[in-house]
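Asks: Here is the input, now give the coordinates:
(2 chains)
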Amino acid sequence: MTDQQANQTKKQKKKKKPQKLKARQPRGFVDRQASDIRATESMMAKIKEVYERYGFDPVETPMFEYTDALGKFLPDTDRPNAGVFSLQDDDEQWMSLRYDLTAPLARHFAQNINDLQTPYRTYRAGYVFRNEKPGPGRFRQFMQFDADTVGAPNPSADAEMCMMMADTMRQFGLTHYDFRVKFNSRKLLDGLLEAIGLAGDENANRRLTVLRSIDKLDRLGMDQVRLLLGKGRKDDSDDFTEGAGLDAAQISQIEILLLSAKLNTFAEAPSPSSIVEQRYSELKDAIERSGEIISFPTGLDQNQTTFILEQLSFNINSNFKAGVTEIAQISGILSASRYLGREVEFDPTCVRGLEYYTGAVYECELLYEVPNEKGEIVQFGSVAGGGRYDGLVKRFTGQDIPATGFSIGVSRLMTALKNLKMLETDNVLGPVVVCVMDSDTEALAGYQQMVQELRSAKDEKGNPVGIRAEMYQGNPNAKLGKQMQYADRRGSPIAIIEGSQEREEGVVQVKDLVEGAKLSEEITDNKEWRESRPAQQTVKREDLLATVQKILAEQKAERDV
RNA sequence: GCGGCUGUAGCUCAGUUGGUUAGAGCGCUUGCUUGUGGCGCAAGAGGCCGGUGGUUCAAUUCCUCCCAGCCGUACCA
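Replies: Numbers count the residues shown, from 1 in each chain, chains lettered A, B, ... in the order given. This is a model prediction of the structure:
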């Protein structure tokens, strides 16, 4: 046989080996482990507590909606693989997995408009699905937790949402050093765009480009945004992004809006005066370049931004004027209840998703750089967002129904808090493990009785204080060492051993695994380690429950120190 | 979608200037110890060297295309 033939035979043999099915999930979908699930549940309980306190009630809608109810086109006619996951029902109607909880709420409200009391205040949580490229903390299936007020036309409803957002974050134990809620009004932006000559359908694309550029101010800084508003910019990978093509005067006018908000100082964490001065000089530069004539307020306070905006030459523009008024109203409410300048601030760079918002928009972001699993700092984005959507219900009913609401990205927030190590770690105790020494029916029944006794424990007043417990359900002939190892790796606090010898004497061995692990550090010889049976005691069978309770109490006291 | 980087054992990663049988650490299984976790010692299992096509006597290594992952960018109603 030649080398070549030998090689081919080898190849054929290789090919014949049956290919194993690769175990994997679709991109952007994840399996969630016990600790993540418990963390998510505890977060959701906290969110719910806040929403209930604000007077919101739960409602639930299905994961599927008819595609047109989501306000999207069929997947094959518009963008084939972008946005929603869709499928055709057996009656050939297109339906889609919901991509958020707002559109389904609008549908629900419109459908039940005659039975629902307005203002209709509800919250709901659930998984939503987006057919997009996943990123850090971004999945294709993720949990959102929404609150909305339908039938509330006044900016006070928007202000309330900002407050509730802040309160929810505080419920997680975060402080105003950890997060910030930002709000803005679409009207302000629309008015600005109109004022600098970007009104009309023919400028729709440029308006989009401008808004998206503004949105990036935090991340890229003013210099880069100026490029985006002008000719365009190259990113780190040398990829070129086309700009909006504005001239210097137009860019300067946008700059005034963006910079004026930066003058705000925070009551609890005042900016150093050097930074404030720098902001002032940047703003003065922009004003000079734009040709606007503006005087500055004497003192630093929360209203100076409005003060400056009101002097802009295009404050006669009705949209812009309405925007300034709206911002002032929201600011007033937030200021009176001491949120403004602490957890919440006006920020003209807060733009949000572009289509359905009609007035106030708001979002919440963490003030930390979030690392990924490898410890690299990555762009994380906001953890909650929302706004006013006065036109959404109208699509179904034909009548104007004002509404405002927001959604918390629970999955993303959990990922962020986890990566920042700000999440309470999983403190759920493993179960007490009853080891199986004999596999005859009588012995097995005895083990089962022990776990039942522990599970159904009651305190003196008769309240259930059941202890997590299980008997070893693996191979009943498994060696004791194997069972102990199982208990150890499960994080069990206690193992219980009863062989025929103990049974005859009416006793059980109760082993404190936590204490035992501590003692093991001083023992290097295995024989000694085994024979010394560290932290193990022999007690009467009827004292089992009391002994276990005592050890658990001791361990708890130890942990709490 | 566009650009860059990376794909070798369950995990983290070596290595092959193209050559016979591809390595380490951790993890896993078993034994020393037939009734005791940890440590130690010993043995063992586990690889389409991401896939396809090509160049070559010979490809895990070089080339093409594809796929996947990461980062950036764009999009995100």
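
Asks: CA atoms for contacts and neighbours, from now on please.
Replies: Will do.

Asks: Low-confidence bits of chain A, can you list those?
Replies: A:1-23, A:72-82, A:136-137, A:236-238, A:262-275, A:297-303, A:354, A:370-380, A:424-427 (pLDDT under 70).

Asks: redo that, cut-off 50
Replies: A:1-18, A:73-81, A:265-269 (pLDDT under 50).

Asks: Please parse it into its domains.
Replies: The domain map for chain A lists A:30-153+A:390-427, A:183-367, A:432-560, with the assignment taken from automatic domain parsing.

Asks: quick one: the first one to chain centroid distance?
Replies: It refers to domain A:30-153+A:390-427. Relative to its chain's centre, domain A:30-153+A:390-427 lies at 12 Å (CA atoms, centre = their mean, to the nearest Å).

Asks: Do you have the helices of the stretch 51-200 of chain A handy? List them.
Replies: In the stretch 51-200 of chain A, the helices defined using DSSP state H, counting those that start in this stretch lie at A:102-111, A:155-171, A:186-195.

Asks: and the domains of chain A as a markdown table, adding mean neighbour count and distance to RNA strand B?
Replies: A markdown table is the format used below for these (neighbours: other CA atoms under 10 Å; distance: least, CA to the nearest atom of the strand, whole Å):
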| stretch | mean neighbour count | distance to RNA strand B |
| --- | --- | --- |
| domain A:30-153+A:390-427 | 17 | 4 |
| domain A:183-367 | 18 | 3 |
| domain A:432-560 | 15 | 3 |
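
Asks: possible to save the ones you listed as CSV with distance to residue A:384?
Replies: Converted to CSV, the domains of chain A look like this (distance: least, CA to CA, whole Å):
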stretch, distance to residue A:384
domain A:30-153+A:390-427, 4
domain A:183-367, 5
domain A:432-560, 34
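
Asks: Going along the chain, name the strands of the stretch 251-400 of chain A.
Replies: Assigned strands in the stretch 251-400 of chain A, in chain order: A:344-346, A:360-366, A:370-371, A:377-378, A:384-388 (criterion: DSSP state E, counting those that start in this stretch).

Asks: Next, format those strands as CSV and append distance to residue A:561.
Replies: CSV is the format used below for the strands of the stretch 251-400 of chain A (distance: least, CA to CA, whole Å):
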stretch, distance to residue A:561
strand A:344-346, 37
strand A:360-366, 31
strand A:370-371, 31
strand A:377-378, 34
strand A:384-388, 36
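
Asks: residues in contact with residue A:320?
Replies: The contact partners of residue A:320, taken as CA atoms under 8 Å, 6 or more residues apart in numbering, are A:187, A:188, A:189, A:190, A:191, A:192, A:314.

Asks: redo that, cut-off 6 Å
Replies: Applying CA atoms under 6 Å, 6 or more residues apart in numbering, we find residue A:320 in contact with A:187, A:188, A:191.

Asks: Can you name the helix or strand that residue A:509 falls in?
Replies: Assigned by DSSP states H and E, residue A:509 belongs to strand A:507-512.

Asks: Report all helices and strands that that strand contacts.
Replies: Strand A:507-512 sits against strand A:494-497, strand A:536-540, with contacts defined as 3 or more CA pairs under 6 Å, 6 or more residues apart in numbering; DSSP states H and E.

Asks: Mind checking what helix or strand follows that strand in sequence?
Replies: Following strand A:507-512 toward the C-terminus (DSSP H and E): helix A:513-520.

Asks: from the middle of its chain, how far away would whichever helix or strand comes after that following helix be?
Replies: Next in sequence after helix A:513-520, counting helices and strands by DSSP H and E, comes helix A:526-532. Offset of helix A:526-532 from its chain centre (CA atoms, centre = their mean): 49 Å.

Asks: can you give me the end-to-end distance of stretch A:474-485?
Replies: 12 Å (CA to CA, to the nearest Å).

Asks: What lies in contact with that stretch?
Replies: With contact meaning CA under 6 Å, 6+ apart, stretch A:474-485 is reached by residue A:439.

Asks: same thing with stretch A:223-235?
Replies: A:213, A:240, A:241, A:242, A:243, A:244, A:245, A:246.

Asks: End to end on that stretch, go ahead and measure it.
Replies: For stretch A:223-235, the first-to-last residue distance is 13 Å (CA to CA).

Asks: what's the answer for stretch A:296-307, then?
Replies: 8 Å.

Asks: Please apply the same query to stretch A:338-352.
Replies: Using CA to CA, the span of stretch A:338-352 from its first residue to its last is 25 Å.

Asks: just how off-centre is it within its chain?
Replies: With CA atoms, centre = their mean, you get 19 Å for stretch A:338-352.

Asks: With stretch A:463-481 instead?
Replies: Worked out by CA atoms, centre = their mean, stretch A:463-481 lies 36 Å from the chain centre.

Asks: Same check on stretch A:452-470?
Replies: 36 Å.

Asks: can you check stretch A:189-203 too?
Replies: Using CA atoms, centre = their mean, the mean C-alpha position of stretch A:189-203 is found 34 Å from that of the whole chain.

Asks: same check, this time on stretch A:507-519
Replies: Relative to the mean C-alpha coordinate of its chain, stretch A:507-519 is positioned 40 Å out (CA atoms, centre = their mean).

Asks: How about residues contacting that stretch?
Replies: Residues outside stretch A:507-519 that contact it (CA under 6 Å, 6+ apart): A:493-498, A:502, A:534-541.

Asks: Show me which pair in those is furthest apart.
Replies: The span of the contacts of stretch A:507-519, defined through CA to CA, is set by A:493 and A:502 at 21.3 Å.

Asks: picking up where we left off before, so which of the helices and strands packed on strand A:507-512 is nearest residue A:105?
Replies: In terms of CA to CA, the element of the helices and strands packed on strand A:507-512 nearest to residue A:105 is strand A:494-497, at 49.1 Å.

Asks: Give me the contact list for the helix or strand that that closest one is followed by.
Replies: Note on strand A:494-497: by DSSP H and E, the next helix or strand toward the C-terminus is helix A:500-505. Helix A:500-505 is contacted from outside by residue A:508, using CA under 6 Å, 6+ apart.

Asks: Mind doing that once more with 8 Å?
Replies: A:437, A:438, A:508, A:509.

Asks: what about the last one, distance to residue A:496?
Replies: So that's residue A:509. 6 Å.

Asks: what does the first one give?
Replies: Relative to residue A:496, residue A:437 is positioned 10 Å away (CA to CA).

Asks: so what's residue A:56 up against?
Replies: Residue A:56 makes contact with A:121, A:122, A:123, A:147, according to CA under 8 Å, 6+ apart.

Asks: Go through those residues and flag which are in strands.
Replies: A:121, A:122, A:123, A:147 (DSSP state E).

Asks: With distance to residue A:390 as added columns, please give the residues you listed in CSV.
Replies: Formatted as CSV, those follow (distance: CA to CA, whole Å):
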residue, distance to residue A:390
A:121, 15
A:122, 16
A:123, 18
A:147, 15
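
Asks: Quickly name whichever of those residues is closest to residue A:38.
Replies: The closest of the ones in strands among the contacts of residue A:56, once distances to residue A:38 are taken by CA to CA, is residue A:123, at 20.8 Å.

Asks: The closest one touches residue A:147, doesn't it?
Replies: Yes. Counting by CA atoms under 8 Å, residue A:123 does reach residue A:147; the two are 4.2 Å apart.

Asks: between those two, what contacts are shared?
Replies: Residues touching both residue A:123 and residue A:147 (CA under 8 Å, 6+ apart): A:51, A:56.

Asks: got the contact list for residue A:182?
Replies: A:344, A:345, A:346, A:347, A:350, A:362, A:363, A:364.
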